[in-house]
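Student: Give me coordinates for this.
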Amino acid sequence: MTINLSPETVRLLLVLAATVAAHYLARRALQQAEKVAAHTENVWDDSLIAAARKPLPLLIWVGGISFALHLLHRQTDEALLEYVAPVRSIAIVICISWFLLKLIRELADNMVAARIRAGGHVDRTTVDGLGKVARISVFVVAAMAVMQTLGFSLSGVLAFGGMGGIAVGFAAKDLLANFFGAVMIHLDRPFNVGDAVRSPDKNIEGWVEQIGWRQTIIRSPDKTPLYVPNSLFTSIVVENPSRMSHRRIRETIGLRYEDIGRMENIVEEVRTMLDQHPDIDNEQPSFVAFDQFADSSINFVIQAFSKTTELKQYHAIKQEILLQVAAIIARNGADFAFPTRTVLLNQTPA
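Tutor: The predicted structure is shown next:
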C-alpha cells in the first residue's frame, strides 16, 4: 500500500526527526564530555557540563517544535500559531537563564570542593554572597528580556519602578533594612559562615550557619537555632572569638594574711614558671603581681596569653598553669584564703 504524504507533512516529519536526532547527539556528547572532564582538575568544564545537562535538551526541543509549528502556520494560516514566535523567545530566555543559574551554583560548589581537597581556606561567606548577587542579576535580566518580548516598554517599566519604589520602600522598610544589612555583612565581613560570634548587647551567642538576604542563622551553644534579622547587626556590637590571635588567662589568687612574708617568693616563682611555659606567648603583656589587700585575703593577679586559640587546648593549658600555681603555693608553706571574721569580745571586770 502506497502512502502519499504532502511536501509539508514530509517537512514536518523531517524537522521532528532532526530534533530527536539532535537531542540524542546532545545527550551523547554531554556524556562523553563528562567522562573526559572527570580526568581534569579544571572546575569550569565540570560546571558547564552539569549546568547544560537539562537546559540543552530542552532548548533543542523548543527550537524543533517551534520550527515545526512555524511550518504548520505557513500551511494553515492558523491565527493561534502567530504566538509561536514570542513563546519561543520566552522559552529560549528561560532555558538560558536556567543554564546560567545552574552554572553559578555548580561553579560555587565545585570551587569550594576543589579548595577543600587542596587543603586551602574557603571563604564560604564570600562565595555565597557572590553567588546570590549573580543569581539576582540573572533573574533581573531574564525578567527584562521577557517583558521586552511581550511588548512592554523597558523605559516605561523603569519609570514605573522608580515611582513605585518609593511606595514599596515605605511598605517594606524592614525587609529592605534586612537586605542592606546583609549587603553590609558581605562587604564588611565581621564574621563568616562557621565563625563563633556573640553580642554583649543582645542575648546572641553561637556559630554562624547561614547568612541570608533577610536573616542570619546562628546555632547557639545548646544547639538551638537563632534567626537574627540582618538589620540588627548594623546597630549592635558583635564579638568574633574565631578571629582572636590569643586567649587570655587572668586569675586572682587569694592567700592568707599570715602568708604576707611568702608573697614575694610565690610571685617570683609563678612569674618564672609562666616565662618558661612553652604554651605561653611571652611577646604579649603577661605579668604576675601582688595586687590587693582584700577583706579576708591578700591577692596576687596572674595574666598570660596562650599561643593557641582552640578552646579545648586553652582550658588544658589553663588547668596545667593553675595546678602549678597551687604547687608553688604549697611548696612555700602558704595556703589559700577563705572568708574569715574576727570577733572581739569586751569582758567587763567582775
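Student: in stretch 31-44, what's buried?
Tutor: By 16 or more other CB atoms under 10 Å, the buried positions in stretch 31-44 come out as 37, 43. The C-beta positions use only the backbone N, C-alpha and C, and glycine is treated the same way.
Student: Over to stretch 239-256?
Tutor: Quick answer for stretch 239-256 (16+ other CB under 10 Å): 239, 246-247, 249, 253-256.
Student: how long is it end to end?
Tutor: Using CA to CA, to the nearest Å, one end of stretch 239-256 lies 38 Å from the other.
Student: Quick one: distance of it to the chain centre.
Tutor: Mean C-alpha position of stretch 239-256 versus that of the full chain (CA atoms, centre = their mean, to the nearest Å) differs by 28 Å.
Student: got it, and stretch 205-214?
Tutor: 7 Å.
Student: Mind checking the pLDDT average for it?
Tutor: Throughout stretch 205-214, pLDDT has a mean value of 88.
Student: All the helices of the protein, residue numbers only.
Tutor: Here the chain has its helices, by DSSP state H, at 7-37, 43-52, 55-76, 84-117, 124-149, 154-171, 173-188, 263-276, 311-331.
Student: low-confidence ranges in the protein?
Tutor: Scanning the chain for pLDDT under 70 picks out 1-8, 72-75, 77-81, 119-126, 154-172, 346-350.
Student: let's go with 50 and repeat that
Tutor: Low-confidence segments of the chain (pLDDT under 50): 1.
Student: Where do the domain boundaries of it fall?
Tutor: As given by automatic domain parsing, the domain ranges for the chain are 7-152, 174-242, 244-331.
Student: can you tell me which of those comes nearest to residue 340?
Tutor: Nearest to residue 340, of all the domains of the chain, is domain 244-331, at 5.1 Å by CB to CB.
Student: Pop out the phi and psi values for residue 42.
Tutor: Phi and psi for residue 42, reported as degrees, to the nearest 10, are phi -70, psi 130.
Student: CSV for the domains of the chain, including distance to residue 342?
Tutor: Formatted as CSV, these follow (distance: least, CB to CB, whole Å):
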stretch, distance to residue 342
domain 7-152, 60
domain 174-242, 40
domain 244-331, 10
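Student: and residue 338, which of these is closest to it?
Tutor: Here domain 244-331 is closest among these (CB to CB), at 6.9 Å.
Student: I'm done for today, thanks for sticking with me.
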